[in-house]
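S.K.: Please work out how this folds:
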Amino acid sequence: MERPLHSDRWHHVAALRPHWRMHARSDRQVVRGATWHVVCGDGRSGTLRLDAAAWSIVGRCDGRRTMQAIWDEALAEDPAGAPTQDEAIELLARLVDERCLACDGLPDVAVLRDDDRTRADRRLAGRLNPLAPRMSLGDPTPLLRPLEPLARRLFSPVGALAWLVLTGLATVLALSELDAVTRQIGHWAQSPRHLLLATLAWLPMKAVHEAAHALAVRRWGGAVREAGLAWMVGLPVPYVDASAADRFASSNQRAAVGAAGILAELALAALGLIAWALSEPGWLHDAGFAVAVAGTTSTLLFNGNPLMRMDGYFVLCDLVGLPNLATRSGAWWRAALQRALGWADAQGPQTAAGERGWLTAYAPLAWGWRAGLMASLALWAGGQHRLLGAAVALLSVWWLVVAPVRALVRGPADAGASLGTRWRMRARLAAVLAGLAVLAVAVPLPDRTVAPGLVRTSDDARVRAGVDGFVVVAESGRRVDPGDIVVRLDDPALRRERERLEQARPGLRAELFASLRSDPARARQAEEALVGIEAELASIDERLGQLDVSVTVSGRFEVARPGDLPGRFVREGDELGTLAGAGPVHVRVALDQDEAARLRDGVRSVDLRLAEAPDRVLSGRLLRQAPAAVEMLPGAALGERFGGPIPVDPADEDGTKPMRPTYVIDVALDAPTDPAPRPGGRAWVRLDHGSASLAEQAARWLRQTVRGRFAPDAL
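M.R.: Predicted coordinates for the structure are as follows:
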């Protein structure tokens, strides 16, 4: 049902003669072929984007014509697209609130608007928002005016080139030191000291972030009238009012203002990474890495993410010409769902050419991102205290599920739909929810456990060094048979010792022969020394023979990192490589306590995928049903520190001590594969337990999550 053309409130405004205020201004923008007008009253008010229909009213406000005459002219010009009288009233009241229009004898705005909050009320409510209260610190113009020459240099081709060089250098440095960066992140995430450094660096980084926005606005002639502090999660965050950029005619300039903070944080992160790489261990080393992690994390997950209504979102809207994308996409989906539930007159936003795909995709993607983010936040909060985690989880359910459904149901009532339409829509929604509940409880779904594992081989397939030495040659990747040499070692110190003994042996022999008759005691000493030298030479020769490392079984010799092995010093017993295809291969699987307990119910089948061939599904079998409890993981590759899924003790240098009880089982491959699995490689094993309803599986997952991730303090 469309809104009625006439309004019973029209008599309040019909005789008014609205006119533009002295300091109000309007800027024309063309987006996707449609003309928009961005209006602003003064430095203390916000900006409004008006489409052609709204401008047909506002553009005629010259102080001479009455609202009745203005509306009649707009209706005669475009009978189908002109605003209704209610829409004209709300538009007039909003522009008066924002100090764009004025007219003598205007009645109380609360009488004219469905929203009973004035502009001042809205600003006060924004500052008192319990999630992010704001405190204004005044007008920063006196501080920004001397920095305008710097702004012109930063936002120029030279500035862009300097930024590209800086971030490019940091990127190359991070890629070249990827292993060290990964290890440092593992230590950083578990260290209170590093987290404290990142928290302390956050405020100055955000100050630079907001200063970049302000300088970008000044660079293209805009004014920044307000700066202050907002509190988010208990931390102070600077902010500036950069809404003046909305009036810029160029979409590139508007996008540059939105991207300024992102670019500033990435530049700080690059400087931090370079400082970390060039400094010795100490406070500068740790602080540089904390700045690098905080800057990149904040940018990639929040500020630069277009799925959140932060800088990246506004940059996207400006670059692709999609103003108010999030709001319009939500309205598009809400109207589509309302029509599906029986409200045929639900009206979504008007779409221009090429917008439909964006409106269809954006809201679900943004909802999914927010859901994942809130789930992660709830798990983190639960790790601190169960009550805090439960509160965050309940708030997430309200924000992500209850509030959207409530808005969906209230839409027809707010638009004046008939009572029958509203009840029909609610009945259909209840039927859909009931149907989903029945499906969740009654329909069986595959019930499986997926767990990580490491490929293991027999001891004969492990090639180890027999003696200490430096690696000279390592022939990785070739097929070998028993007795073939695969690695050659060298020990210069051992060879020098042998040469010294060889040089001493002739002298002892001569001394022995010379003293046989003249000095028998001396002869016995020389003979004992000679026997000792012969024994040492035999031992050295045996060790020299072990410098050539051979294999005892057939297979393909493989080294994890062949380029790192030559020139490396290895100790006796160190593993040099493995023989793929030699002996039986099995996968050692790590399970948590709940997953291990489910083995008692039986396993119908076992499938696995290897990290080096993720597209191939291999079948296997359990070597034993009873899992074994372990204090150390089968390998560090399964721990979070080295990219695995299992949390490990941050104090454990080897990264193999799990944070919670862990059990292992062995899975054997049913048939050999070609090529053979790489020993030490990761694998993912799927244990099929049969079937269970979605509700049962969700309840089990929730129970395991609360038990494994939430802090063990009582509720």
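
S.K.: Going by C-alpha atoms from here, please, whenever you check contacts or count neighbours.
M.R.: Fine.

S.K.: For the stretch 301-450 of the chain, give me the ranges with low pLDDT.
M.R.: In the predicted model, the stretch 301-450 of the chain carries pLDDT under 70 at residues 415-416.

S.K.: Okay, strands next: where are they in the stretch 601-715 of the chain?
M.R.: For the stretch 601-715 of the chain, the strands identified by DSSP state E, counting those that start in this stretch occupy 605-610, 613-622, 628-630, 662-669, 682-693, in order along the chain.

S.K.: what about W283, how many neighbours?
M.R.: Using other CA atoms under 10 Å as the criterion, W283 is surrounded by 11 other residues.

S.K.: got a list of what it touches?
M.R.: When contacts are counted by CA atoms under 8 Å, 6 or more residues apart in numbering, W283 touches no other residue.

S.K.: before we move on, what about the one 3 residues further on?
M.R.: When contacts are counted by CA under 8 Å, 6+ apart, D286 is found next to 194, 197, 276.

S.K.: Could you verify my assumption that the second one touches A287?
M.R.: Yes - look at L197 against A287 with CA atoms under 8 Å: they come within range, at 6.1 Å.

S.K.: So between those two, which is more surrounded?
M.R.: Taking other CA under 10 Å, L197 and A287 do not tie; A287 has more neighbours (22 against 18).

S.K.: quick one: the more buried one is in a helix?
M.R.: Yes - using DSSP: H, G, I helix; E, B strand; the rest coil, the assignment for A287 is a helix.

S.K.: list the contacts for it?
M.R.: With CA under 8 Å, 6+ apart as the criterion, the residues that contact A287 are 194, 197-198, 272, 276.

S.K.: overlap in contacts of L197 and A287?
M.R.: Shared between the contact lists of L197 and A287 (criterion: CA under 8 Å, 6+ apart) there are no residues.

S.K.: Of the strands of the stretch 601-715 of the chain, which is nearest T296?
M.R.: For those, the distance to T296 is smallest for strand 682-693, at 28.3 Å, taking CA to CA.

S.K.: Quick one: mean pLDDT for the closest one?
M.R.: Confidence over strand 682-693, taken as the mean pLDDT, stands at 89.

S.K.: what's it packed up against?
M.R.: Helices and strands touching strand 682-693, as assessed by 3 or more CA pairs under 8 Å, 6 or more residues apart in numbering; DSSP states H and E, comprise helix 419-442, strand 444-457, strand 605-610.

S.K.: E280: which of those is closest?
M.R.: strand 444-457 (35.6 Å).

S.K.: What are the contacting residues of the closest one?
M.R.: The contact list for strand 444-457, computed with CA under 8 Å, 6+ apart, reads 582-591, 595, 634-635, 638, 644-645, 677-694, 697.

S.K.: Specify the local secondary structure of W36.
M.R.: Recorded secondary structure, W36: strand (three-state DSSP).

S.K.: L48 is in contact with that one, correct?
M.R.: No - W36 is beyond contact range of L48, at 10.0 Å (criterion: CA under 8 Å).

S.K.: Now for R218: which residues touch it?
M.R.: Applying CA under 8 Å, 6+ apart, one finds that R218 lies in contact with 144, 148, 151, 224.

S.K.: likewise L173?
M.R.: If a contact means CA under 8 Å, 6+ apart, then L173 has I274 as its contacts.

S.K.: Begin at 55, not 1, for the rest of this chat.
M.R.: Will do, 55 is the new start, and the previous item becomes L227.

S.K.: And the pLDDT at it?
M.R.: Among the per-residue scores, L227 shows a pLDDT of 88.
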